[in-house]
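Student: Fold the following, please.
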Amino acid sequence: MQTRLLLAAVSISYSAIACQPAQNIPKKVVEKAEAYLRSQMHLDRNIPVNTEAQTEQQINQNDLCQTTEPLEIGFQIVLVADGSRYTLHSDRSGNNVEICMAEDAQPDVFAKYTGAGYTVKYPQSWRVTDEGLEPNGTNRVQFMPTDRSLGYIEIDRLNQVNAELDTAKNIKNFKEEKFDAIPLETSSGSMQEYVQLVVEKSGEQREWKVKALMFKSDKFVYKIKLLSSEDESALEKDFEQFVREFRLVK
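Tutor: All right, here's what the predicted structure looks like:
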């Protein structure tokens, strides 16, 4: 699916789609497209899906995202859900549907940060503190929202030894689950959850709930951490945004 989305992003221009007026596509086709989107993106029933645009579109039954020459008329349907915009292609019946492009539907309120070996997008209103590159190549960057009491996000670049020590110190209730990190072009990945005792710069000790994703590259381990108060939902979407936009730089 991810490969198809990348290929389709090259061949489709959303700016051209948005200028086209909505056409009277059969309601059942739009409903089938929405159902397909929900199943593929695992969208909860409570998440609304809005139809932003719909138009006739030349398609190929065997390649709906048009990486080969289109041969017949089908439909193009643009749906917006959970902060993302999805462009789908469908045949005339709605029985053959595919997601051809996905992009952020939010206003451009994110800034791009280039760190040590990676890039990531973060809310422009947040404060960024880079602790500097250590002689051994390790680095830590903190991304702070206006209300730090809710929590913050931290990206660490660690060597293999430091990564193991980082997991072992000042923590409790540790849980870890491995996952396939090949789509992120890293050798391995893991998701961790634990409670960590952090000594603040003021000297105050505080326990934070931590959710972390770890990715291994050739030389370093990259760790994206959400440190949150008990109400972790306040920054959950921001954390998901960080993970989606995190890219290793080769």
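Student: where does the residue nearest the centre of the chain fall, phi/psi-wise?
Tutor: What sits nearest the mean C-alpha location of the chain, by C-alpha atoms, centre = their mean, is Arg244, with 2.0 Å. Main-chain torsions, Arg244, degrees, to the nearest 10: phi -60, psi -40.
Student: do you know how far it is from Val120?
Tutor: For Arg244, the distance to Val120 (C-beta to C-beta, to the nearest Å) stands at 10 Å. All C-beta atoms are positioned from the backbone trio N, CA, C, and that covers glycine.
Student: can you tell me which residues contact Gly245?
Tutor: Careful, residue 245 is Glu and not Gly. Phe110, Thr119, Val120, Lys121 (C-beta atoms under 8 Å, 6 or more residues apart in numbering).
Student: pLDDT score assigned to it?
Tutor: Predicted confidence (pLDDT) for Glu245: 85.
Student: what about it, distance to Pro70?
Tutor: Glu245 is 32 Å from Pro70, by C-beta to C-beta.
Student: do the same with Arg148
Tutor: In terms of C-beta to C-beta, Arg148 sits 52 Å off from Pro70.
Student: same thing with Asp63?
Tutor: Counting by C-beta to C-beta, the gap between Asp63 and Pro70 amounts to 8 Å.
Student: Give the residue farthest from the middle of this protein.
Tutor: Gly203 (34.4 Å).
Student: That residue in helix, strand or coil?
Tutor: When classified by DSSP: H, G, I helix; E, B strand; the rest coil, Gly203 comes out as coil.
Student: For the longest helix belonging to the chain, buried residues please.
Tutor: Across the chain, the longest stretch assigned as helix under DSSP state H is helix 27-41. Buried residues in helix 27-41, counted by 16 or more other C-beta atoms under 10 Å: Val29, Val30, Lys32, Ala33, Glu34, Tyr36, Leu37, Arg38, Met41.
Student: Next: stretch 44-56.
Tutor: Within stretch 44-56, the residues that count as buried by 16+ other C-beta under 10 Å are Val49, Glu52, Ala53, Gln54.
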